[in-house]
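Chemist: Here's my sequence, what's the structure:
(one chain, ligands or ions: 1)
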Amino acid sequence: MGTHVRLVVIGGGPAGVRAASTAARLGAEVVLVERDVIGGAANLWDCVPSKAMIATGALVSRARRAEALGLEPLRPGVDLPALGQRVRDIEARLAVSMTDQLESQGVDIIKGSARMAGPHLVEITPDGGAAPEQMDADAVLLATGSYPRVPEWADIDGKHVLTTRQAYPPPEIPERLVVVGSGVTGVEFVHMFRSLGSEVSLVVSRQQVLPQKDPEVAAALETDFLERGVKLLKGARATAIDRGEKTVTVHCDDGRQVEASHVLLCIGSVPASAGLGLDAAGVHMSPSGHVPVNHHCQSNVPHIYAGGDLSGRLPLASVASIQGNKIAEHVMGLHTRAHRHIDYDKAASAIFTEPEIADVGLAEAEAFALGRKIRVTKVPYAANSRALIDGDARGFVKLVSDPATGVVLGGSIVGAHAAELIGIIALAVTAHLRVIDLAESQFVHPALAEALAEAAE
Ligand SMILES: Cc1cc2nc3c(=O)[nH]c(=O)nc-3n(C[C@H](O)[C@H](O)[C@H](O)COP(=O)(O)OP(=O)(O)OC[C@H]3O[C@@H](n4cnc5c(N)ncnc54)[C@H](O)[C@@H]3O)c2cc1C
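Modeler: All right, here's what the predicted structure looks like:
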């Protein structure tokens, strides 16, 4: 590739924004086309609004524990319009700061839709009715993300039958809510609406919520749900929704049915590849609609990259952003060797429930399935002074290491601030630190992080 490189990025979510920013910094001419808002679905529909509402719910839950902390009872009510405004304000602030940053780096942001018209040709239809224009590109990043999956038996009305995109906040706080789907998104919404006062039932297709997770971790969450009065319908698949005058009824394949005021579907997502002109560019698509990529995020057409949810790798904003960075470096001829690839096994992830859940690297159950020898140490939050001081001693820290070398291979945390604390284990896993490095780190006292040092001893 010559010295001048024009990179066209389609989609301004975490993958697109990070790629645009890094490529501009490295000297590329960058055009970023986004049809909605800079920050993408991550800021508008997914990570940010869900966590903003969970933060509000967390304060309600904490207030309910006021008496345990020596206060008179506190009973906060939800101010729905104020909550909606808060969510929109956060989204707007993030969009403005990201846009300002990209513009200051010289990225040309076009508001509109784009599609491939040929291997090096992108067709852009700007908002506002102007005619489509075609633009040559040396490299293209497809980062159009995904949207919620809606089964053919569900008729979404945005009032009583909702996808996650209508829930920030919904038109009213549901009196009785059925959440269909018990993956990460489903359990976060159960927690969020239960905290905000809804009666919640969860349709769980397997025998465990969070079927991909360590059974001990999932069990900790189930215990919390049951204690908070969440009804779990295990081993049931929703097959139909009936809408009455004031109620909705979810029918399951085992004959059970649940009546509620609202239903929220959390049954996965669909990659946004339709209408993207992949054929015109010769880009292959998998049967699921993803664009398969190699370890540099290149599609089968080497100068056309795919990142974020469209690439079918780990569907996390954090991963999308790292992919974006690597893609920009690769486009600019840096880090082209295979050993610079992204190690998806070292990506930390979190579930913003109560207790919070986070993990990274090798899980105990996975090591067992692989027949790999590991050392597992576990420390309960109840043994940590900060957890007791804060009045929430639910949970544990679990550390997985190599018994021969002491190198930290992974860990899980269930409990308050797990999403923050997992960063320490993620750093240890990435930097190949040993348990002794953690054990000898001089953490603050009293702090939750001390539980990590203790698990490392
Ligand atoms: C409810 C929910 C909560 C989540 N919470 C978290 C979390 O806490 N942490 C986390 O790491 N991940 C979370 N995720 C996952 C995360 O949101 C996604 O992995 C991430 O948004 C993917 O980023 P992306 O770069 O693929 O683009 P997206 O964020 O999906 O954005 C894609 C952008 O492309 C634009 N676009 C699409 N087609 C075109 C086109 N043809 N022309 C122009 N623009 C186009 C869209 O308008 C959109 O803005 C959550 C997901 C959901 C559903």
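
Chemist: List the buried residues in the longest helix seen in the chain.
Modeler: Counting residues, the longest helix found in the chain (DSSP state H) is helix 80-104. Applying a neighbour-count criterion of 16 or more other C-beta atoms under 10 Å, the buried positions in helix 80-104 are 83-84, 86-87, 90-91, 94-95, 98-99, 102. Where you see a C-beta, it was placed from the backbone N, CA and C, and this is true even at glycine.

Chemist: mind listing what His4 touches?
Modeler: Glu29 (C-beta atoms under 8 Å, 6 or more residues apart in numbering).

Chemist: I'd like to know which residues of the stretch 101-250 of the chain are adjacent to the ligand.
Modeler: Where proximity means C-beta under 6 Å from any ligand atom, the interface of the stretch 101-250 of the chain facing the ligand comprises 113-115, 143-146, 164, 185.

Chemist: Just the ones in helices from those, please.
Modeler: Among those, the members that lie in helices (by DSSP H) are Thr185.

Chemist: Buried subset of the residues of the stretch 101-250 of the chain next to the ligand, written for PyMOL?
Modeler: One line in PyMOL is enough to select the buried members of those, burial here meaning 16+ other C-beta under 10 Å:
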select buried, resi 113+114+115+143+144+145+146+164+185
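
Chemist: Name the nearest of the residues of the stretch 101-250 of the chain next to the ligand relative to Gly16.
Modeler: Gly16 lies nearest to Ala143 out of those, by C-beta to C-beta, at 3.8 Å.

Chemist: My understanding was that that closest one contacts Ala306; is that so?
Modeler: Yes: in this structure, Ala143 is within contact of Ala306 by C-beta atoms under 8 Å, at 7.3 Å.

Chemist: got the phi/psi numbers for Gly423?
Modeler: Geometry field for Gly423 lists phi and psi as phi -60, psi -30, criterion degrees, to the nearest 10.

Chemist: what's near enough to touch it?
Modeler: Ala348.

Chemist: And the pLDDT at it?
Modeler: The model reports Gly423 with a pLDDT of 98.

Chemist: How about Met1?
Modeler: What the model reports for Met1 is a pLDDT of 46.

Chemist: ok, now Arg93?
Modeler: pLDDT, read off for Arg93, is 97.

Chemist: Assign Asp359 to helix, strand or coil.
Modeler: Here Asp359 is recorded as strand under DSSP: H, G, I helix; E, B strand; the rest coil.

Chemist: now it, nearest residue through space, not along the chain?
Modeler: With C-beta to C-beta, 6 or more residues apart in numbering as the measure, Ser412 is the residue that lies nearest to Asp359, at 4.2 Å, once sequence neighbours are left out.

Chemist: Pretty sure Gly411 is one of the things Leu421 touches, is it not?
Modeler: No: under the criterion of C-beta under 8 Å, Leu421 is not in contact with Gly411, lying 9.3 Å apart.

Chemist: Looking at these two, which is more packed in?
Modeler: Gly411 (32 against 22; other C-beta atoms under 10 Å).

Chemist: Confirm the more buried one sits in a helix?
Modeler: No: when classified by three-state DSSP, Gly411 is found to be strand rather than part of a helix.

Chemist: need the contact list for it.
Modeler: Neighbour list for Gly411: 359-361, 397-400, 422, 425, 429, 452, 455 [criterion: C-beta under 8 Å, 6+ apart].

Chemist: nearest residue to it other than its sequence neighbours?
Modeler: Closest to Gly411 by C-beta to C-beta, 6+ apart is Ile425, at 4.0 Å.

Chemist: burial of the residue nearest to Pro73 when sequence neighbours are not counted, as a residue count?
Modeler: Distance criterion C-beta to C-beta, 6+ apart; nearest residue to Pro73, sequence neighbours excluded, is Glu67 at 5.7 Å. Other residues near Glu67 come to 12 when the count uses other C-beta under 10 Å.

Chemist: what does the model give Glu67 for pLDDT?
Modeler: Here the pLDDT value assigned to Glu67 is 92.

Chemist: Ala131 versus that one, what's the distance?
Modeler: In this structure, Glu67 and Ala131 are 65 Å apart, going by C-beta to C-beta, to the nearest Å.

Chemist: ditto for Ser385
Modeler: For Ser385, the distance to Ala131 - C-beta to C-beta - is 67 Å.

Chemist: if you count what's nearby, which of the two comes out ahead?
Modeler: When neighbours are counted by other C-beta under 10 Å, Ser385 comes out ahead of the other of Ser385 and Ala131, with 14 against 6.

Chemist: OK, contacts around the more buried one?
Modeler: Contact criterion C-beta under 8 Å, 6+ apart gives 445-446, 450 as the residues in contact with Ser385.

Chemist: for this structure, where's the lowest mean pLDDT among helices and strands?
Modeler: Among the helices and strands of the chain, helix 364-370 carries the lowest confidence by mean pLDDT, DSSP states H and E, at a mean of 89.

Chemist: quick one: contacts for the closest residue to the ligand within the stretch 201-350 of the chain?
Modeler: Per C-beta to the nearest ligand atom, Gly308 is where the stretch 201-350 of the chain lies closest to the ligand, at 2.1 Å. Listed by C-beta under 8 Å, 6+ apart, the contact partners of Gly308 are 11, 13-16, 40, 143-145, 320, 323-324.

Chemist: 10 Å instead?
Modeler: Taking C-beta atoms under 10 Å, 6 or more residues apart in numbering, we find Gly308 in contact with 11, 13-16, 18-19, 40-42, 141-146, 271-272, 297, 315-317, 319-321, 323-324, 327.

Chemist: Who does Pro271 form a beta bridge with?
Modeler: Here Pro271 sits in beta bridges with Ser146, going by DSSP bridges.

Chemist: Can we start the residue count at 9 from this point?
Modeler: OK, 9 is where the count begins now, so the last one is Pro279.

Chemist: tell me, how many neighbours does it end up with?
Modeler: A count of nearby residues for Pro279, using other C-beta under 10 Å, gives 24.

Chemist: And the helix or strand hosting Tyr313, what does it pack against?
Modeler: Applying DSSP states H and E as the criterion places Tyr313 in strand 312-314. Using 3 or more C-beta pairs under 10 Å, 6 or more residues apart in numbering; DSSP states H and E as the contact criterion, the elements in contact with strand 312-314 are strand 14-18, helix 22-33, strand 147-150, helix 286-289, helix 325-339.

Chemist: on that earlier part again, want to throw the contacts of Ser393 into a markdown table with neighbour count?
Modeler: Putting the contacts of Ser393 into a markdown table (neighbours: other C-beta atoms under 10 Å) gives the following:
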| residue | neighbour count |
| --- | --- |
| His453 | 9 |
| Pro454 | 14 |
| Glu458 | 20 |
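
Chemist: Out of the residues you listed, which sit inside helices?
Modeler: Applying DSSP H to the contacts of Ser393, the entries found in helices are Glu458.

Chemist: got the contacts of Ser393 as a markdown table, with pLDDT columns?
Modeler: Listed next are these as a markdown table, based on pLDDT from 0 to 100:
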| residue | pLDDT |
| --- | --- |
| His453 | 97 |
| Pro454 | 98 |
| Glu458 | 97 |
